[in-house]
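# Pasting the sequence and the predicted coordinates here, then a few questions.
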Amino acid sequence: MALEACPSDTTIHIHTDSQSTHNIITKIATGQYWDLPISHIMKMSCWFTWEAIANIVKRKDILLMPHKVAAHSGDINNNQADLAAMEAREQRETTYFCNSDSSRITFALAHRQNLVEENPRKFLKHLTQNICRANWTTHHMSDLVVKTARTYEVDWHTTRHILHPDGKIKSGFSSTKTSTLRTYLVKSITNTLLTMSTLNRKWAMYDTSACSRCDERNKTNEHI
């Protein structure tokens, strides 16, 4: 809003304690911003704000002078700016952004009528992960895990290592081999493996619960 209100051919000094903000403002001031591909710009946080700033600076021929301020250094002006930012964050959103005729971006990802401000790929990845977590909480397996935890004392730290045999999943997704093994381990813990005992208890078409190999004992998780 300050850039829009200032007159043309003006020199504006911007002080910030954010290194990423300083870098982007420097690219806008030097003109390097316009060399960035649109796909890279839309991966920036609050990309639409940077696009608006770059358009205003170019249209009004404003000279930006970015200055890096040390964070948490006791700078009075920086502390006042932080307080103003926190107060603005707590207020209800009253500003609406829309594409103007000068905007280079005619399409942007939105979710529930809200513009996605972060990297679209990262947003879709996190959204998919949250959907999977929600599906798990309503799955019948989760009820069995809760029931088991109420009946027995569970070492969750060891259980976590058992369910993640390949270590920490860095990409957010696992391979088919690991996913199959994890399914087997979860079913073993919750006693829901498709053993002959379980099949015989659920469906009448299985007339016996004996193990097909030894034909002597009931085929349960313990027998396997």
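That came through fine.
# Go through the lowest-mean-pLDDT helix or strand in the chain and flag the buried ones.
Within the chain, no helix or strand scores below helix 196-202, which has a mean of 73 by mean pLDDT, DSSP states H and E. If you call a residue buried by 16 or more other Cβ atoms under 10 Å, then helix 196-202 has these buried ones: Met196, Ser197, Thr198, Asn200. Quick note: C-beta positions are derived from backbone N, CA and C, even for glycine.
# all helices of this structure, in order?
2-5, 19-30, 38-41, 47-60, 76-90, 120-137, 140-151, 156-163, 176-189, 196-202 (DSSP state H).
# Please tabulate those in JSON lines, including the columns distance to Val69.
Formatted as JSON lines, the helices of the chain follow (distance: least, Cβ to Cβ, whole Å):
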{"stretch": "helix 2-5", "distance to Val69": "17"}
{"stretch": "helix 19-30", "distance to Val69": "9"}
{"stretch": "helix 38-41", "distance to Val69": "25"}
{"stretch": "helix 47-60", "distance to Val69": "19"}
{"stretch": "helix 76-90", "distance to Val69": "5"}
{"stretch": "helix 120-137", "distance to Val69": "28"}
{"stretch": "helix 140-151", "distance to Val69": "48"}
{"stretch": "helix 156-163", "distance to Val69": "42"}
{"stretch": "helix 176-189", "distance to Val69": "47"}
{"stretch": "helix 196-202", "distance to Val69": "65"}
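# between those helices, which one is nearest to Asn114?
With Cβ to Cβ as the criterion, Asn114 lies closest to helix 120-137 of the helices of the chain, at 10.8 Å.
# Restricting to C-alpha, output the closest one in CSV.
Extracted in CSV, the C-alpha atoms of helix 120-137 (Å, rounded to 0.1, in the frame of the first residue of the first chain):
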residue,chain,number,x,y,z
PRO,A,120,1.7,-25.5,-5.1
ARG,A,121,3.4,-28.9,-5.2
LYS,A,122,4.2,-28.7,-1.5
PHE,A,123,0.7,-27.6,-0.7
LEU,A,124,-0.8,-30.5,-2.7
LYS,A,125,1.6,-32.9,-1.0
HIS,A,126,0.6,-31.7,2.5
LEU,A,127,-3.1,-31.8,1.5
THR,A,128,-2.8,-35.4,0.3
GLN,A,129,-1.0,-36.4,3.5
ASN,A,130,-3.7,-34.8,5.7
ILE,A,131,-6.4,-36.7,3.7
CYS,A,132,-4.5,-40.0,4.3
ARG,A,133,-4.2,-39.2,8.0
ALA,A,134,-8.0,-38.4,8.2
ASN,A,135,-8.8,-41.7,6.4
TRP,A,136,-6.6,-43.6,8.8
THR,A,137,-8.3,-42.1,11.9
